[in-house]
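[1] for reference, the sequence and a predicted model appear below.
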Amino acid sequence: MSEEVLPGGHRRVDRVLADDYLAGLGELPLPELRAMRIEAEQEETDVSYLRRMLQGRMDIVQGELARRRGEGSGSLVDDLPRLLADAPSGGPRGLGRHNAAEPSRADSHRRRLEALIADLQLSDVPTRTDDELTRALTMLRDEEHMISERRREIQRVVDACHAEVARRYRDGEADVSDALPTTDSLGS
């Protein structure tokens, strides 16, 4: 399910993770640098969204296996609010980043995950055997691991862009007033 980064590809992930994406970062005009940072942040948002959707499916499978061991409140449906809470019993997730951007490819990510669920025959979790669920959970974990690694690679790009913007402000190469709205843009 995990997509490979294609050298010379035209998708956003291909551009953001290209070997030369950060080349010459210190010489780029500030608007171009900011555009690159926004592009990388959006890709991080999309990958994070896919990762969280995948983790939700993992939580459901783990919850069904736990229910079968006598844990939980009785039915998988009854346990869903607890299973899909932001901080499951496994502890907090992610690196504590907050990004207000919405995923730009939510429908595409849903279709991708639905295809994986269909391949794993997980559309009706309670009817699967323990062995089927365990195998599916292993595959979901492997996929989550690959997506998490991709997310970390993208975060390194975002961090490099942030660091370069900060360096320019710190070293006086950029003026903070350029980032503030002007009275013209405020409608005054």
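    Great, that's in hand. Residues are numbered from 1 along each chain as shown.

[2] now the chain, which segments are flagged as low pLDDT?
    The chain contains residues with pLDDT under 70 at 1-3, 72, 86-101, 105-106, 109, 178-188.

[3] give me that answer again for 90
    1-13, 49-50, 52-53, 56-57, 59-60, 62-64, 66-127, 173-188 (pLDDT under 90).

[4] all helices for it, in order.
    For the chain, the helices defined by DSSP state H occupy 12-16, 30-68, 76-83, 106-119, 130-170.

[5] excluding its backbone neighbours, what's nearest the residue positioned nearest the centre of the chain?
    Taking Cα atoms, centre = their mean as the criterion, Ser48 is the residue nearest the geometric centre of the chain, at 1.1 Å. Excluding the flanking residues, the one nearest Ser48 by Cβ to Cβ, 6 or more residues apart in numbering is Arg151, at 6.1 Å. Just so you know, the C-beta spots here come from the backbone N, C-alpha and C atoms, and that holds for glycine as well.

[6] list the contacts for that neighbour?
    Counting by Cβ atoms under 8 Å, 6 or more residues apart in numbering, Arg151 makes contact with Glu44, Val47, Ser48, Arg51.

[7] thought the second one was touching Arg150?
    Yes: counting by Cβ atoms under 8 Å, Val47 sits close enough to Arg150 to count as a contact (5.7 Å).

[8] what's the spacing between Leu50 and Ala18?
    Distance, Leu50 to Ala18, using Cβ to Cβ, to the nearest Å: 20 Å.

[9] neighbour-wise, which of these two wins?
    Leu50 (26 against 16; other Cβ atoms under 10 Å).

[10] pretty sure that one is touching Arg110, no?
    No: the criterion here is Cβ under 8 Å, and Leu50 misses it with Arg110 at 9.1 Å.

[11] count of neighbours near Asp59?
    Asp59: 20 surrounding residues under other Cβ under 10 Å.

[12] wait, it touches Pro81, no?
    No: using Cβ under 8 Å, Asp59 makes no contact with Pro81, being 11.2 Å away.

[13] could you measure from Ser73 over to Leu83?
    In this view, Ser73 and Leu83 are 11 Å apart by Cβ to Cβ.

[14] my bad, Val158
    With Cβ to Cβ as the criterion, Val158 and Leu83 are 30 Å apart.

[15] just Arg51 next, same as before
    In this view, Arg51 and Leu83 are 17 Å apart by Cβ to Cβ.
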